[in-house]
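Trainee: Got a sequence here, can you model it:
(chains A and B)
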Amino acid sequence: MTKQEFLLEMDTILDLPAHTLRGNEQLEDLKNWDSTALVAIIVLAESASSVQISPAQIVNCSSVADILRIAGVAESSV
Amino acid sequence: MQLPIVAVDIIRNRNILKKELLQQENLVPTRIAILGGSTTTEVKSMLELFLLAEGIQPTFYEAGYNRYCEEVLFENPALWDFKPEVVFIHTTWHNVSEYPDLLENSTQVRERVRREVGRFESLWEKIHAGLGAVIIQNNFDLPRVRPLGNQEASQTFGRVNFLLKLSEEFGSYARTHSRFVINDILYLSAQVGLNVWFDHTYWYKFHMAVSPTASVALARNVAGIIKSFYGRSKKCLVLDLDNTLWGGVVGDDGVQNLILGRDHPVGEAYLDFQRYVKDLQRRGIILAVCSKNDPETAKEGFSHPDSVLRIEDFSVFKAGWNPKSESIRQIATKLNIGLDSIVFVDDNPVERSLVAEQLPEVAVPDVGSDVSLFAELLEQKRYFEVDKIVAEDAGRSAYYTSNAQRSVHQASVGNYEEFLASLDMTAEIGAFRPVYLERITQLINKTNQFNLTTRRYTSAEVEAISQDPTFIPLYGRLVDRFGDNGLVSVLIGHLKNDYVELDTWLMSCRVLKRELELAMFDALVEECQARGMSKIVGVYIPSKKNNMVAGHYASLGFKRVDGASENSELWHYLVPATYSSKSRYIRRTADLFVAVS
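Mentor: Below you'll find the model as predicted:
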């Protein structure tokens, strides 16, 4: 999964218009950020990552960039 | 929400799914209180999705964290004012207040079990008495760690043994109390695996006793239970034959070469699927065959010595070369059920696709072609969930068999009036009795066609009506020379000053055109005369399915009046001083209960 695809999925989870998230936001500043959103993003990160990650790693994130880094998603090659 | 249900996809896409599901028409509203012994946010979110997928729109009350006891015992006004129809108590092994100490004897452990169950019983009694809601209560899952190892299960003081005893006591309570259903998390946690069911991160960070992935399974299970309260469970399983109930094609291979039985791994899988289908039939699910085959050839498959299913297990047998959608329509007509009561299982994806396209109301699960998975994939959708199994259910197939005899007899009699007279019908019509309340509730929630108002009530509400002196609640049970049709009609009149307003009047399509509705009306008029009621007000609320009763009140001599609310009709009948029974062929055998206040 590319970074762009991951951000689009996060937009959906947070009920934001597509292409809202850029990847540099603080989690606590996000609209609709709550525990159910966090759970869904943990599930997203687990399924997107090519390496085993634990929910604890995502729970300790404070920014979207942290999540992207742990999930191991890269920029699109296009 | 198609099969197979993938938890990860549902969690990721819940917002999109919810928006789509909210577009449905005619969603049935329901109020659900969730009382948790742990964080319930995820469970609530998933439960909402699965209920919407069943056409039920929930409004939730969520108790404070781990305040499932306090909110009930101290009658939290917010909970009491919410007036839930369903209370879901989401507790787990984490909420057991006291586990046995090491080396406690069986008497001490038994006392601990009693104390723990007693603690919960006080909540259930309070909820029933104060809220009147139906309770869905988790039994107990098992902890992931076992300090005593395997001794946890065998020693009296072991925690596993203790939790199994508690679950057994909860089950016992469910067997002996109405409006109380167990959500079997002991089974669910085993099904998903304890390592998936419980995740330490979610527990320590969020105090979620059940992981998000497992919350999907749990919510699906609870939604299935709630769906059954509203009569949304399916009634009929229509099955293909070749490569669905046996391996091979009976027309080409011959019955002796069919793959069925323990001597062959795939044959054993077909045998087990037949056993599963037979178990469904035993507890009241109607079976029908829909096969592209020569009819006599198709039937030969059931003569295979290892076949568990027999021809007589099927209430309708459609084999031929017509499109399967046509055959399924004929099955629905013959059984007098809606297409939305049917589940169709076929190994052939083309046939499944055609039926799904042409009959969108029929449930057509994508069972694939591997018979070893058919039963589990059917289970995932909880099509046939029930909150209680009543004696009427077990006799359902026998009813359809005796009905076949009625049809044969009818064909031999000259005219319809002679046929009715020859049936020698008797009807037990009386006030609701406790022993019938489960069946009455089932009828109220399942009957769509002969139903004047299509009002739905939970079992708690039905029980309340039965005890309320401002109601005349009548049931009707019909027996004839071919057998017992069972309890098939419900009429609820609401006393208002000097008239009775008909809140509910319904009848099973099993007994259409037998004049039972006339016998019910006769009983109602007599009851009104005894109580000094001068008028009966009939209410008709048209729906998509009850057009057959549009002229019902006119046929009884009611006159339509103005003053009805939008989308309903009001009809008046003046109770005469002397009344001649309208029913001609039915003898009544029960005395009415007359409560004159």
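Trainee: in the strand or helix carrying residue B:438, what's buried?
Mentor: Assessed by DSSP states H and E, residue B:438 sits inside helix B:437-446. Neighbour counts using 16 or more other C-beta atoms under 10 Å in any protein chain shown place B:437-446 of helix B:437-446 among the buried residues. To be clear about C-beta, it is placed using only N, CA and C from the backbone, and glycine gets the same treatment.
Trainee: so which of the residues you listed comes closest to chain A?
Mentor: Comparing these against chain A with C-beta to the nearest C-beta places residue B:445 closest, at 31.2 Å.
Trainee: Next, format the buried residues of helix B:437-446 as JSON lines and append pLDDT and distance to chain A.
Mentor: Shown next, in JSON lines, are the buried residues of helix B:437-446 (pLDDT from 0 to 100; distance: C-beta to the nearest C-beta, whole Å):
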{"residue": "B:437", "pLDDT": "85", "distance to chain A": "39"}
{"residue": "B:438", "pLDDT": "80", "distance to chain A": "37"}
{"residue": "B:439", "pLDDT": "84", "distance to chain A": "40"}
{"residue": "B:440", "pLDDT": "90", "distance to chain A": "39"}
{"residue": "B:441", "pLDDT": "87", "distance to chain A": "34"}
{"residue": "B:442", "pLDDT": "83", "distance to chain A": "35"}
{"residue": "B:443", "pLDDT": "88", "distance to chain A": "39"}
{"residue": "B:444", "pLDDT": "90", "distance to chain A": "35"}
{"residue": "B:445", "pLDDT": "83", "distance to chain A": "31"}
{"residue": "B:446", "pLDDT": "79", "distance to chain A": "34"}
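Trainee: ok, back up a step: check which helices and strands the helix holding residue B:438 is in contact with.
Mentor: helix B:459-467, strand B:483-496, strand B:499-507 (3 or more C-beta pairs under 8 Å, 6 or more residues apart in numbering or on different chains; DSSP states H and E).
Trainee: Select, out of these, the one closest to residue B:361.
Mentor: Closest to residue B:361 of those, according to C-beta to C-beta: strand B:499-507, at 20.8 Å.
Trainee: so that closest one versus helix B:437-446, what angle?
Mentor: Strand B:499-507 and helix B:437-446 meet at an angle of 90 degrees, taking axes from the mean of the first three to the mean of the last three C-alpha atoms, to 10 degrees as the criterion.
Trainee: The very next helix or strand once past strand B:499-507 - contacts with which helices or strands?
Mentor: Downstream of strand B:499-507, the first helix or strand assigned by DSSP H and E is helix B:516-531. In this structure, helix B:516-531 packs against strand B:425-431, strand B:471-480, strand B:483-496, strand B:499-507, strand B:535-540, strand B:586-588, with contacts taken as 3+ C-beta pairs under 8 Å, 6+ apart.
Trainee: got the angle for the first one vs helix B:459-467?
Mentor: In other words, strand B:425-431. Interaxial angle of strand B:425-431 relative to helix B:459-467 (the same axes, to 10 degrees): 90 degrees.
Trainee: What pLDDT does the model give the residue of chain B positioned farthest from its centre?
Mentor: No residue in chain B sits farther from the centre than residue B:103, which is 44.4 Å out by C-alpha atoms, centre = their mean. Confidence at residue B:103, expressed as pLDDT, is 93.
Trainee: Break chain B into its domains for me.
Mentor: Split into domains by automatic domain parsing, chain B comes to B:7-229, B:236-380, B:415-588.
Trainee: Identify the residue of chain A closest to chain B, quick one.
Mentor: Residue of chain A nearest chain B, by C-beta to the nearest C-beta: residue A:55 (4.0 Å).
Trainee: Give me the neighbour count for that residue.
Mentor: Counted with other C-beta atoms under 10 Å in any protein chain shown, the neighbours of residue A:55 add up to 21.
Trainee: can the helices and strands packed on helix B:437-446 go into TSV with extra columns for mean pLDDT?
Mentor: Formatted as TSV, those follow (pLDDT from 0 to 100):
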stretch	mean pLDDT
helix B:459-467	88
strand B:483-496	91
strand B:499-507	96
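Trainee: Tell me the helices and strands packed up against the lowest-mean-pLDDT helix or strand in chain A.
Mentor: For chain A, counting by mean pLDDT, DSSP states H and E, helix A:55-59 ranks last in confidence among helices and strands (a mean of 80). Under the contact criterion of 3+ C-beta pairs under 8 Å, 6+ apart, helix A:55-59 touches helix A:35-48, helix A:64-71, helix B:200-206.
Trainee: highest average neighbour count across these?
Mentor: Highest mean neighbour count of the helices and strands packed on helix A:55-59: helix A:35-48, a mean of 21 (counted as mean count of other C-beta atoms under 10 Å in any protein chain shown).
Trainee: Can you work out which other helices and strands pack against that helix?
Mentor: If you count contacts as 3+ C-beta pairs under 8 Å, 6+ apart, helix A:35-48 packs onto helix A:3-13, helix A:55-59, helix A:64-71, helix B:7-12, helix B:41-53, helix B:200-206, helix B:212-229.
Trainee: so where's chain A uncertain?
Mentor: Low-confidence segments of chain A (pLDDT under 70): A:51, A:74-78.
Trainee: Tell me the residues of it that contact chain B?
Mentor: Residues of chain A lying near chain B by C-beta under 8 Å from any C-beta of the partner chain: A:9, A:12-13, A:15, A:34-36, A:39-40, A:42-44, A:46-47, A:54-56, A:59.
Trainee: Make JSON lines out of the domains of chain B and add distance to residue A:65.
Mentor: Formatted as JSON lines, the domains of chain B follow (distance: least, C-beta to C-beta, whole Å):
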{"stretch": "domain B:7-229", "distance to residue A:65": "20"}
{"stretch": "domain B:236-380", "distance to residue A:65": "38"}
{"stretch": "domain B:415-588", "distance to residue A:65": "50"}
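Trainee: so where do the strands sit in the stretch 51-200 of chain B?
Mentor: Applying DSSP state E, counting those that start in this stretch to the stretch 51-200 of chain B gives strands spanning B:56-62, B:86-90, B:134-138, B:180-183.
Trainee: Name the strands paired with the third one and say parallel or antiparallel.
Mentor: Pointing back at strand B:134-138 there. Strands that pair with strand B:134-138, judged by DSSP bridges, come out as strand B:86-90 (parallel), strand B:180-183 (parallel).
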